[in-house]
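Student: This is a predicted model, with the sequence first.
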Amino acid sequence: EPEVTQTPSHQVTQMGQEVILRCVPISNHLYFYWYRQILGQKVEFLVSFYNNEISEKSEIFDDQFSVERPDGSNFTLKIRSTKLEDSAMYFCASTGGGQRQKLFFGSGTQLSVL
Amino acid sequence: QQQVKQSPQSLIVQKGGISIINCAYENTAFDYFPWYQQFPGKGPALLIAIRPDVSEKKEGRFTISFNKSAKQFSLHIMDSQPGDSATYFCAASGDDYKLSFGAGTTVTVRA
């Protein structure tokens, strides 16, 4: 069964450093998302991406965040200057055109900012 | 704004019992209501979903009941098994396809 893959599974960084979280969505999917889950809290929407541009972003997704689809397979989330409160599990998700509301999630990247 | 409220926060059920998780939503524009199952260290996996034109959907041991007038929906896990022990999230989305998740329910099935 096709799946969304994310790397790395764990990332530890110092406050103020830049991090890039990587995702390979399911190959024929067109819509891509980043969500995050702070420990013990609900999964929160960050951003959606389609046709090489952001479709929608949440209040959390401020100027420190950016997304990119650098090639035909990868989808990345960059945090320019990490803060302690960015520590969370970050999930990538994708969906196809036929069943657009059916999101498939990756296993996540656990980001720890020290 | 908490668009989807989920309860209980956790529940313990004996093997073979029924687990019931409830959710309520506020936004009447929501038209898709999935349930996700999450095991530790894994991402949420779609379990079952319903649209508001039906009141119930069943897939194996999992059933969603939907009450549009009350803006509530619930997940029933029949004949609960130890392998069902996980965190379950309800969610909802509308024509923006942006999922709003509930806070999650940790289900523990005791053998």
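Tutor: On my side now, so go ahead. Numbers count the residues shown, from 1 in each chain, chains lettered A, B, ... in the order given.
Student: When you work out contacts or count neighbours from here on, use the C-alpha atoms and nothing else.
Tutor: Will do.
Student: Who are the contact partners of residue 86?
Tutor: This is for chain A. Contact analysis of residue A:86 by C-alpha atoms under 8 Å, 6 or more residues apart in numbering or on different chains lists A:111-113.
Student: oops, chain B please
Tutor: Residues near residue B:86 by C-alpha under 8 Å, 6+ apart: B:37-40, B:106-108.
Student: what do you get for residue A:51?
Tutor: Applying C-alpha under 8 Å, 6+ apart to residue A:51 gives the contacts A:30-31.
Student: at 10 Å instead, please
Tutor: A:30-32, A:69 (C-alpha atoms under 10 Å, 6 or more residues apart in numbering or on different chains).
Student: Now rank those residues by neighbours and give me the top one.
Tutor: In terms of neighbours by other C-alpha atoms under 10 Å in any protein chain shown, these top out with residue A:32 at 27 neighbours.
Student: Please convert the contacts of residue A:51 to JSON lines, extending it with secondary structure.
Tutor: Formatted as JSON lines, those follow (DSSP: H, G, I helix; E, B strand; the rest coil):
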{"residue": "A:30", "secondary structure": "coil"}
{"residue": "A:31", "secondary structure": "strand"}
{"residue": "A:32", "secondary structure": "strand"}
{"residue": "A:69", "secondary structure": "coil"}
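Student: nearest to residue A:39, of the residues you listed?
Tutor: Closest to residue A:39 out of the contacts of residue A:51 is residue A:32 (23.0 Å), distances taken as C-alpha to C-alpha.
Student: what about residue A:82, distance to residue B:101?
Tutor: As for residue A:82, its distance to residue B:101 is 25 Å (criterion: C-alpha to C-alpha, to the nearest Å).
Student: Give me the more crowded residue out of those two.
Tutor: Remark: of residue A:82 and residue B:101, residue B:101 carries more neighbours, 25 against 22, as counted by other C-alpha under 10 Å.
Student: In the sheet, which residues pair with the more buried one? Tell me.
Tutor: residue B:91 (DSSP bridges).
Student: show me what contacts it?
Tutor: Residues touching residue B:101, when contacts are defined by C-alpha under 10 Å, 6+ apart, comprise A:42-45, B:2-6, B:23, B:33-36, B:89-93.
Student: rerun at 8 Å
Tutor: A:42-44, B:4, B:89-92 are the contacts of residue B:101 under C-alpha under 8 Å, 6+ apart.
Student: and if you look at residue B:93?
Tutor: A:101, B:30-33, B:99-100.
Student: Kind regards, and thank you for your time.
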